[in-house]
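[1] how would this look folded up:
(4 chains)
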There are 2 protein chains.
Amino acid sequence: MAEHDAPSLPPTAPPTAPPTPPPTLPPTLADVAEIAGVSRQTVSNAINNPDLLRPDTLARVQQAIEELGYLPNRAARHLRTRTSRLIGLRMPAAAQEYTANAAMDRFVHALVEASREAGYHLLLFSGGPDGPGATAAADLVAGYDDLLRSTAVDAFVVTDTYLGNPQARWLAARRAPFVAFGRPWDDPTATHPWVDVDGAAGVALATEHLLGLGHERIAWIGWAAGSHLGEDRRSGWVRTMTGRGLDVDGLDARVDDTVAGGREAAARLLDTAGPTAYVCASDTLAVGVLHALDERGLRAGRDVGVVGFDDSQVAQVVPPGLTSVRQPLEQVAVELVRVLEALLAREPHDGRGVLLRPTLAVRGSTASR
Amino acid sequence: MAEHDAPSLPPTAPPTAPPTPPPTLPPTLADVAEIAGVSRQTVSNAINNPDLLRPDTLARVQQAIEELGYLPNRAARHLRTRTSRLIGLRMPAAAQEYTANAAMDRFVHALVEASREAGYHLLLFSGGPDGPGATAAADLVAGYDDLLRSTAVDAFVVTDTYLGNPQARWLAARRAPFVAFGRPWDDPTATHPWVDVDGAAGVALATEHLLGLGHERIAWIGWAAGSHLGEDRRSGWVRTMTGRGLDVDGLDARVDDTVAGGREAAARLLDTAGPTAYVCASDTLAVGVLHALDERGLRAGRDVGVVGFDDSQVAQVVPPGLTSVRQPLEQVAVELVRVLEALLAREPHDGRGVLLRPTLAVRGSTASR
DNA sequence: TTGAAAGCGCTAACAA
DNA sequence: TTGTTAGCGCTTTCAA
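    Model (predicted):
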């Protein structure tokens, strides 16, 4: 293991060599050029424009590169080309409790992978302490501003659009390259590129699934009005129900995104409307519904159908398994990177966003009756 | 919003100026120097060695910096100083199902935050496709190797030590600066710095908590022998039980880290040993125990105590709330960065790792009887 | 206390 | 097809 792909210079430097610092400096373009007997520029071309070289020269250079284990110094390349091949991603405020960040982990994974395939790395940053009073616009964009001014990243992926999205407007005003994960709900004039998941379609999918199982009194438990994201998801339920000629009156609740909120809403609806199934705006709310059913001695899946949203870890392990709308985050990541590449290549942007359809992860909470 | 902290040059360039590309180039040291009427070097000193300047010169330079919104170009600084102020972190293979990655999200958050406070950013990478056959050592270190040779990061945080940790050995052989989150279990000769959480102490804490509630027949559900991590956690249970003169024979199970594994083990133990409480090596297993209790009509917390490990999102929302050992990941992150800074400052390393004590998040599954 | 010169490693522009 | 020159923006060294 120790000798695998070891540094090219021997650990004990020959007496003629100057005393090199312990961690041997990586080889440079000049080193390769010397070994291959060509100029530095030719080595550069061998890497960036191999077509320009005569085959035999190319082969000689490539062998020298191989021999030395050469890789271009990113800082030098960055400085010269003005591209860092780094994509900036701000980590939203740490999830205090289990909330909307349920899918963040999966998304970051997917984005790292998609970026890698495009030759980019992800630079993670945070906007400073998220204490009280730190919500001013200046603080929200602080991290972006620093990275932009220090030319540390080529572009940003902006995720926390649900906050009202001052970042997107600010970045757009700065002409900074970025793609948003999330539609510019509250700014119809926005022209920046974005990728989003069609929440309404996801909820429609969930509702249809329940209809297919024979449910007709399907309730909706969502968030307080005013959240674009929440209203969008709710509309999928309304659309599907009314499309089947089913009434939605009295079958919905608007609560905080907590387990307790879901539990209380479910219990209340059970008393007033007696639904046979619930579709929820989040897994958190759905778990609350499971609680409520449990307390009444009702069995999720057998007695009452329940569907959540986000396909979080919880959905996978909570008994009897929670059916949940799953965002295609891998696909989102690929699209984000694709749009970013087009943006950085200055390709004209048609101003339309990319809307992806979620899928449904079916589990025990909607077992057939 | 649009004019907030706008680029320093007017959008319409004066006729004498060359046509600047749309996204105005950020100001450089030279720009600041000109405005302040000093040399570039003096501006550099104003930033890096302000003590060297006469107060009035310093003030003049600082005002020019402010005026221009100047921030040093990271690529240039990186090239010159050979430090990127970037910490590399490899994202382990995407969590296929809910498994050990339960805490990864929280850890990344914590590390971003700790890094920021030390003036570092996090560079996320992955080691290429994680398909079958991609587990060879060469692939495991591929991502590290590239970043190292291209001098993209100053140091690494290595997390996936449970795999047997070829990375740590490889990085050490390369003399690459890194800190491991996790002890070098299978290599007692390793001398690299590490930070870890005392799993045995965490399980001991859990066991004592149950003893304090009056439990005496406390079972252990852990992983198959051979996992250092698992054996360490198990030892906390053995130590605490025997310390109280309680017998552990027949009270433990070794299974795969799945909900089904935990469920079956719990059921089996219920039949053979009749424990009144379970301590588990993971939240996944603990959820399995909850399933088993549920199936027997037993109530977690009231009838049987259950404790998990990792304080995952699941522990927070699964009814009736799962008591769980919580790793101090924020503290881990701070220590990792502290050790890294010492390492990069070439401070002598005493060869001892940092071992942190977890806490216990108490919830309904260990309600007092 | 400030400035001038040199150079980190690379690539764009041009010349041979 | 290959080589030469210059310079990206910064800091280190040394001189004033």
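[2] how close does the closest residue to A:Glu113 other than its chain neighbours sit to B:Leu89?
    Spatial nearest neighbour of A:Glu113, excluding adjacent residues (C-beta to C-beta, 6 or more residues apart in numbering or on different chains): B:Ser126 at 5.6 Å. From N, CA and C alone the C-beta is placed, and that goes for glycine too. Distance, B:Ser126 to B:Leu89, using C-beta to C-beta, to the nearest Å: 10 Å.
[3] got the contact list for A:Pro50?
    Shown in contact with A:Pro50 (C-beta atoms under 8 Å, 6 or more residues apart in numbering or on different chains): A:Leu58.
[4] how many other residues sit next to the residue in the stretch 201-350 of chain A that DNA strand D sits nearest to?
    Using C-beta to the nearest atom of the strand, the closest approach of the stretch 201-350 of chain A to DNA strand D is made by A:Leu344 at 17.8 Å. Per other C-beta atoms under 10 Å in any protein chain shown, the neighbour tally for A:Leu344 reads 15.
[5] what sits against it?
    Contacts of A:Leu344 by C-beta under 8 Å, 6+ apart are A:Thr83, A:Asp154, A:Ala155, A:Pro177.
[6] backbone dihedrals for it, please?
    Dihedral angles of A:Leu344 (phi, psi; degrees, to the nearest 10) stand at phi -70, psi -20.
[7] same question for A:Val195.
    phi -130, psi 140.
[8] which parts of chain A sit against DNA strand D?
    Counting by C-beta under 7 Å from any atom of the strand, chain A comes close to DNA strand D at A:38-42, A:45, A:52-54, A:56-58, A:76, A:79-80.
[9] overlap between the residues you listed and the residues near DNA strand C?
    Within the residues of chain A next to DNA strand D, those near DNA strand C by C-beta under 7 Å from any atom of the strand are A:Arg40, A:Gln41, A:Ala76, A:Leu79, A:Arg80.
[10] show me the domain layout of chain A.
    A:27-60, A:86-196+A:329-356, A:199-327+A:360-366 (automatic domain parsing).
[11] any idea of the mean pLDDT in the longest one?
    Rounded to a whole number, the mean pLDDT of domain A:86-196+A:329-356 is 84.
[12] what's the span of it, first residue to last?
    Terminal residues of domain A:86-196+A:329-356 are spaced 25 Å apart (C-alpha to C-alpha, to the nearest Å).
[13] what of the last one?
    In domain A:199-327+A:360-366, first residue to last residue: 19 Å (C-alpha to C-alpha).
[14] is it in proximity to chain B?
    Yes. Counting by C-beta under 8 Å from any C-beta of the partner chain, chain B is contacted by domain A:199-327+A:360-366 at A:259, A:284, A:287, A:290-291, A:294, A:312-314, A:316-319.
[15] restricted to helices, list the residues you listed.
    A:Val259, A:Thr284, A:Val287, A:Leu290, A:His291, A:Asp294, A:Gln313, A:Val314, A:Gln316, A:Val317 (DSSP state H).
[16] surely the residue nearest to A:Glu113 touches A:Val112?
    Yes. Contact criterion C-beta atoms under 8 Å: B:Ser126 and A:Val112 qualify, at 4.9 Å.
[17] intersection of neighbour lists for the two?
    B:Met91.
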